[in-house]
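S.K.: Predicted coordinates and the sequence they were generated for:
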Amino acid sequence: MQTEKVPHALLSGLIGAVALNVLHETVRQFVPQAPRADLLGERSIVKGFKAAGAEPPTGTALYASAMAGDVLSNAIYYSTVGLGDKQPVLTGAAIGALAGIGAVTLPGPMGLGEGPTERTPATVAMTIGWYLFGGLVAGAVYERFRRPTTA
């Protein structure tokens, strides 16, 4: 990836990550089977703090930390749409689908529980679909950056 494209890739990744989190946080307010990425993030933070022998944040501070970590990590991940410079939307779809599959299959083995993303078939489908959505948004934004602007 050329150096001048890095800011576009990072911004595309950030927009994809924000789109994903807005979708997660909005739908979970209304749909009982919705994935709970917020709980996975909170559990990760608590686990990390305890492993370091430190007291983890609680309440609103824990939630805010989880959201910030989720957006940051997903933004970095989704910024890889810039690596597939020929077809960023297709690259976004691929990395989004892979992230969704990982969000379903990895929490259990990582000791974070399976319920937040795997409790029902609908939860699994939404989890994969929403990460796919985030990747598609990142890819579409990056594609838009690639098009020359007309003055």
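M.R.: Here it is on my side, so go on. Bear in mind the structure is a predicted one, so any value in this text is a computation, not a measurement.
S.K.: Assign a three-state SS to the nearest residue to Glu114 once chain neighbours are set aside, would you?
M.R.: Taking Cβ to Cβ, 6 or more residues apart in numbering as the measure, Glu114 lies nearest to Gly108, with 4.3 Å between them; neighbours along the chain are not counted. Just so you know, the C-beta spots here come from the backbone N, C-alpha and C atoms, and that holds for glycine as well. When the structure is split into helix, strand and coil by DSSP: H, G, I helix; E, B strand; the rest coil, Gly108 lands in coil.
S.K.: Tell me, how many residues neighbour Gly108?
M.R.: The burial metric for Gly108, expressed as a neighbour count using other Cβ atoms under 10 Å, is 13.
S.K.: just checking, it touches Glu118?
M.R.: Yes. Taking contacts as Cβ atoms under 8 Å, Gly108 lies within contact range of Glu118: 7.2 Å.
S.K.: any weak-confidence spans in the protein?
M.R.: Per-residue confidence of the chain (counting by pLDDT under 70) places the weak regions at 1-4, 84-85, 149-151.
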